[in-house]
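1. A structural model of the following input is requested.
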Amino acid sequence: MDGGEAQGMWSAAQITSGEWAGWMAYGGDPFEDLTGPFYYRTDETGAVVSAFRAERRHMNASGAMHGGALLTFADYALFTIGKEALREVGSVTVSLNGEFIDAAVEGDLVEARGEVVRAGRSLVFIRGLAATAGRPLFSFSGIVKKVRA
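-> Modelled structure (predicted):
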């Protein structure tokens, strides 16, 4: 990793080699570090895309992605999608809702895109969709609270 950007209480570093070269990664969240790794970048349209590669450890006993892995990724994506609205403040998830649409399997590239529906003084409302190869997997919405020092 190299260089980076500050995001509220977190900092992000750019990946410089491998499959994720050019993507950004947050560090310092022990649970996300354990369950990820998750990455994000800004695409050619200016939209934020979050992604991860589905590994064996993300699967359930049936060989499909565990719902908890998708929920954890959706929680990560809330903060990348809302990063501009959350700049300069700490933040916490106060609500996360989701609907399972289809299953991912080991090796799939899972991506999430979304939008900030409303950014208020203390709450940011965000919605998104996780997909693989254009196939929807999980729709989600959440509310993030800005936490000021």
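
2. biggest helix in this structure by residues?
-> helix 67-81 (DSSP state H).

3. what sits against Ala21?
-> With contacts defined as C-beta atoms under 8 Å, 6 or more residues apart in numbering, Ala21 is in contact with Ile15. For the C-beta atoms, the positions are set from N, CA and C on the backbone; glycine is no exception.

4. which helix or strand contains it?
-> For Ala21, there is no helix or strand it lies in under DSSP states H and E.

5. using CSV, write out the CA atom coordinates for the longest helix of the chain.
-> Taking Å, rounded to 0.1, in the frame of the first residue of the first chain, the C-alpha atoms of helix 67-81 are listed here in CSV:
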residue,chain,number,x,y,z
GLY,A,67,-25.3,-13.9,4.5
GLY,A,68,-23.1,-12.5,7.3
ALA,A,69,-20.3,-11.9,4.8
LEU,A,70,-22.7,-9.9,2.5
LEU,A,71,-24.0,-7.9,5.5
THR,A,72,-20.5,-7.1,6.6
PHE,A,73,-19.5,-6.0,3.1
ALA,A,74,-22.7,-3.9,2.8
ASP,A,75,-21.8,-2.2,6.1
TYR,A,76,-18.3,-1.4,4.7
ALA,A,77,-19.9,-0.1,1.4
LEU,A,78,-22.2,2.3,3.4
PHE,A,79,-19.1,4.2,4.4
THR,A,80,-17.4,4.2,1.0
ILE,A,81,-20.5,5.3,-0.8
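
6. how far does it sit from the chain's center?
-> 5 Å (C-alpha atoms, centre = their mean, to the nearest Å).

7. and after it, which helix or strand comes next?
-> Downstream of helix 67-81 (by DSSP H and E), the next one is strand 90-100.

8. tell me the mean pLDDT for that following strand?
-> Taken as a whole, strand 90-100 has an average pLDDT of 96.

9. so where's this protein shaky on pLDDT?
-> Along the chain, the model assigns pLDDT under 70 to residues 1-10, 149.

10. quick one, strands of it?
-> 2-7, 10-14, 24-27, 39-42, 48-53, 90-100, 109-119, 123-132, 135-147 (DSSP state E).
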